[in-house]
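Enquirer: give me coordinates for this.
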Amino acid sequence: MNVLTIDTSNQVMGVAILQDEIVIGEIVTNITKNHSVRLMPAINQLMEEVSMTPDQLDKIVVAKGPGSYTGVRIGLSTAKSMAWALDIPVVGVSSLEILAYHGQFFNGYICPFFDARRGLVYTGIYQWQDQQLISVDEEKNILMVDVLDRLANENQEVLFLSPDLSLHLEQIKEVLGEKAVIPAGPYHIPNPSFLGLAGLSKEVDNTHTLTPNYLRLAEAEANWLKAQKGKR
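Expert: Coordinates of the predicted model:
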């Protein structure tokens, strides 16, 4: 099975092609540039490099957020359009789950997160059990201090994974001390190949109804709803 993966949900842009569980190619960048301009050229380049044409694809797996509202929409719209045009299935995977795959050989809790500004983060708590990734606490948009207080009460080591680690590192160390496990830089960059592995075990989504996993309303939408409520 030939699987194309797409992740534009945050600053990192990643695409990969897997044949079942074997990675045959990937492109990853971690720079502040417009994903909408760079995504399709990256997909075309990758497919040329591995000598594959779109009609040879069997499935598309896409990161559905949380993360950048614009980035999530770019990835999902591209994945859904390609899946519809090629008449192949599409699978959406949580962007936090992709990060949690980097901790596959860690025995304790795994806390992937993305910064959501104003002290908030998008996060969830995971753990690997019998080679399966288990959700210990549901994904949510929450104050980082509340996440850390919850983890401190567990009294066990916690692996933190995030491209935004530097924004919260001091607070993490202050609350959890030696219980906080912080790996080296590359572990904090979502890997599109892990996205493919995560998608292999998931149910196929409906191409037309697959929606972003924002975890909270966009600020403009939230302000509009607040204004409408005030008018009533």
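
Enquirer: what's the first helix or strand after whichever strand or helix holds Leu167?
Expert: Using DSSP states H and E, Leu167 sits in helix 165-176. Per DSSP H and E, helix 165-176 leads on to strand 180-181 as the next helix or strand towards the C-terminus.

Enquirer: ok, then the element right after that next one?
Expert: Moving toward the C-terminus from strand 180-181, the next helix or strand (DSSP H and E) is helix 192-200.

Enquirer: and that following helix, what does it pack against?
Expert: Applying 3 or more CB pairs under 8 Å, 6 or more residues apart in numbering; DSSP states H and E, one finds that helix 192-200 contacts strand 2-7, strand 12-19, strand 22-30, strand 59-63, strand 90-93, helix 95-100. C-beta: built from backbone N, CA, C; applies to glycine.

Enquirer: which positions in the helix holding Leu167 come out as buried?
Expert: Residues of helix 165-176 classed as buried by neighbour count (16 or more other CB atoms under 10 Å): 165, 168, 172, 175-176.

Enquirer: residue closest to the middle of the chain?
Expert: Centroid check for the chain by CA atoms, centre = their mean gives Ser95 as the closest residue, at 1.3 Å.

Enquirer: what sits against that residue?
Expert: 7, 9-10, 63-67, 72, 114, 190, 213 (CB atoms under 8 Å, 6 or more residues apart in numbering).

Enquirer: taking those together, which two end up most distant?
Expert: Spatial extent of the contacts of Ser95 (CB to CB) is set by the pair Pro190 and Asn213 at 14.1 Å.

Enquirer: between these two, point out the one with more neighbours.
Expert: Counted by other CB atoms under 10 Å, Pro190 and Asn213 do not tie: Pro190 has more neighbours, with 29 against 21.

Enquirer: where is the longest strand in the protein?
Expert: When the chain is parsed with DSSP state E, its longest strand is strand 132-143.

Enquirer: for the next helix or strand after it, packing partners?
Expert: Later in the chain than strand 132-143, the nearest helix or strand by DSSP H and E is helix 144-152. Contact here means 3+ CB pairs under 8 Å, 6+ apart; on that basis helix 144-152 packs against strand 109-115, strand 120-129, helix 165-176.

Enquirer: list the helices and strands the last one packs on?
Expert: On a contact count with 3+ CB pairs under 8 Å, 6+ apart, helix 165-176 meets strand 109-115, helix 144-152.

Enquirer: what about 6 Å?
Expert: Applying 3 or more CB pairs under 6 Å, 6 or more residues apart in numbering; DSSP states H and E, one finds that helix 165-176 contacts helix 144-152.

Enquirer: quick one: the helix it packs on to strand 120-129, angle?
Expert: If you take axes from the mean of the first three to the mean of the last three CA atoms, to 10 degrees, helix 144-152 sits at 20 degrees to strand 120-129.
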